[in-house]
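[1] A predicted structure for the sequence below; I have some questions about it.
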Amino acid sequence: MPPLQGAFLFTTTTVGSLPKPDWLAEPEKLWPAWRLEGEALQQGKRRAALEWLREQEAAGIDVVGDGEQFRIHFVHGFLESLSGIDWNRKTRMGIRNNRYEADVPTVTAPLRRMQSVHLADAQFMRAQTTRRLKVTLPGPMTICDTLADAHYGRRADLAMRFAELLNAEALELEAAGADVVQFDEPAFNVFLNEVREWGLPALERAMRGLRATTVVHVCYGYGIEANVKWKATLGDLWQQYETIFPWLNASSVRQVSLEFAGSRVPHEVLRLLPDKELLVGAIEVLPGKLETPEEVAHNILEATRHVDSARLLPCTNCGMAPLSAELARGKLRALGAGAALARSKI
Ligand code: ZN
């Protein structure tokens, strides 16, 4: 396996999503409405992705992405191009174990991927940067928790079907030049028993045959009110990672992205992933808080007490989509500067 870090320690990256500019979509919303249509929308997405790419490069982020400017939501963006989903049949559902309610579309027929979903986006990004390019896809278990099913009957079967479709998509994105393929699985922290039973087997199926660096992102959610309230119910020590990390360590995924900064995650859990590279959240995603580079460096160095530096990639705790664009820009810079500061101290 080639070294990931390259010439220096603490390769920086983000979980993926960044805010959409207010001329493109409603700001600071999880399910915003687009403000453009047709070709103007397509051009607007590319312009926004390019602007965020340059922001990441200027901030010193090493593994860059499109900030998810091409999709309205991290799950539904992938689903929009599939057949078998009835978007007019909305089901009100309590998602992430009833943490919040959403009107989700319903699977009513066999799922098929009629065309690539994000291929053109990845090709566009690949042509714009020489840095390592990360693409993000929703994980099969999290997809199953973000739409309703009136066809497959068992969530495990639905997840495996999504895994096949995600795998076909991921292989195309890799061929288009993506160096890193990340699957977002916040549901792994919620349905612990099901993770081992069918969540991980579905993730393995989604990663099959990929030569790109694979990542699974498991977090405690965006910094929105429903998640903040949920976190308050989890007690002084958040122990979900303790259950699932040994399973993830035994899986074939190469990197695990986890929440760390400002959380109640016991720091020792990093030791449960001795065979993985860790994307350690050194930036919080709560609205209103901007870390200093010193705070970011402190978070990184704190993590090095439990994971060797060579396997540690400073990252954000989660996506930054719901934040203001100005705050997200500041956080990107704090991440880049904080990693540089940490390098100087080691
Ligand atoms: Zn997340």
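    Alright, I've got the coordinates.
[2] hang on, G139 packs against N189?
    No: applying CB atoms under 8 Å as the test, G139 and N189 come out as separate, 11.7 Å apart. C-betas here are computed from N, CA, C, even on glycine.
[3] Could you check how far stretch 134-147 is from the centre of its chain?
    Centroid separation for stretch 134-147 versus its chain: 9 Å, with CA atoms, centre = their mean, to the nearest Å.
[4] Follow the chain on from the helix or strand containing V181 and name the next helix or strand.
    Using DSSP states H and E, V181 sits within strand 180-184. For strand 180-184, the succeeding helix or strand toward the C-terminus, using DSSP H and E, is helix 192-194.
[5] that older thread, looking only at neighbour counts, state which of G139 and N189 leads.
    Set side by side, G139 and N189 show more neighbours around G139, with 30 against 22, by other CB atoms under 10 Å.
[6] ok, the residue lying closest to that one once chain neighbours are set aside - how many residues close by?
    In this structure, G139 finds its nearest non-sequential neighbour in E185, 3.6 Å apart by CB to CB, 6 or more residues apart in numbering. Neighbourhood size, E185 [other CB under 10 Å]: 29.
[7] Next, the contact list for E185, please.
    For E185, the contact set (CB atoms under 8 Å, 6 or more residues apart in numbering) comprises G139, M141, T142, G199, L203, V216, H217, V218.
[8] Can you tell me how far it is from T304?
    Per CB to CB, to the nearest Å, E185 is found 25 Å from T304.
[9] before we move on, the earlier item: contacts for the strand holding V181, please.
    13, 15-16, 63, 74, 132-140, 142, 166, 170, 173-174, 203, 206-207, 210, 212-217, 255, 257, 319.
[10] okay, now the residue in the stretch 1-150 of the chain that the ion sits nearest to: neighbour count?
    Closest residue of the stretch 1-150 of the chain to the ion, CB to the ion: V15 (5.6 Å). Using other CB under 10 Å, V15 has 29 neighbouring residues.
[11] Quick one: neighbours of the residue of the stretch 51-200 of the chain found nearest the ion, just the number.
    Distances between the stretch 51-200 of the chain and the ion by CB to the ion are smallest at P186, namely 5.1 Å. P186 has 27 neighbours, counted by other CB under 10 Å.
[12] what pLDDT does the closest residue to it other than its chain neighbours get?
    Closest residue in space to P186, ignoring its immediate chain neighbours: C219 at 5.3 Å, by CB to CB, 6+ apart. On pLDDT, C219 comes in at 94.
[13] residues in contact with C219?
    Contacts for C219 (CB under 8 Å, 6+ apart) come out as V15, P186, N189, S257, L258, E259, G281, N317, C318.
[14] Farthest pair within those residues?
    V15 and N189 (13.9 Å; CB to CB).
[15] Which strands or helices does the helix or strand bottoming out on mean pLDDT in the chain pack on?
    Ranking every helix and strand in the chain by mean pLDDT, DSSP states H and E puts helix 95-98 at the bottom, with a mean of 77. Under the contact criterion of 3 or more CB pairs under 8 Å, 6 or more residues apart in numbering; DSSP states H and E, helix 95-98 touches strand 100-113.
[16] Out of the contacts of C219, which comes closest to T91?
    P186 (19.8 Å).
[17] Same list (the contacts of C219) but as TSV, adding pLDDT and secondary structure.
    Converted to TSV, the contacts of C219 look like this (pLDDT from 0 to 100; DSSP: H, G, I helix; E, B strand; the rest coil):
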residue	pLDDT	secondary structure
V15	97	coil
P186	94	helix
N189	93	helix
S257	98	strand
L258	98	strand
E259	97	coil
G281	98	strand
N317	97	coil
C318	96	coil
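[18] Turn those residues into JSON lines, including distance to E39.
    Below are the contacts of C219 laid out as JSON lines (distance: CB to CB, whole Å):
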{"residue": "V15", "distance to E39": "30"}
{"residue": "P186", "distance to E39": "34"}
{"residue": "N189", "distance to E39": "40"}
{"residue": "S257", "distance to E39": "35"}
{"residue": "L258", "distance to E39": "40"}
{"residue": "E259", "distance to E39": "39"}
{"residue": "G281", "distance to E39": "38"}
{"residue": "N317", "distance to E39": "36"}
{"residue": "C318", "distance to E39": "32"}
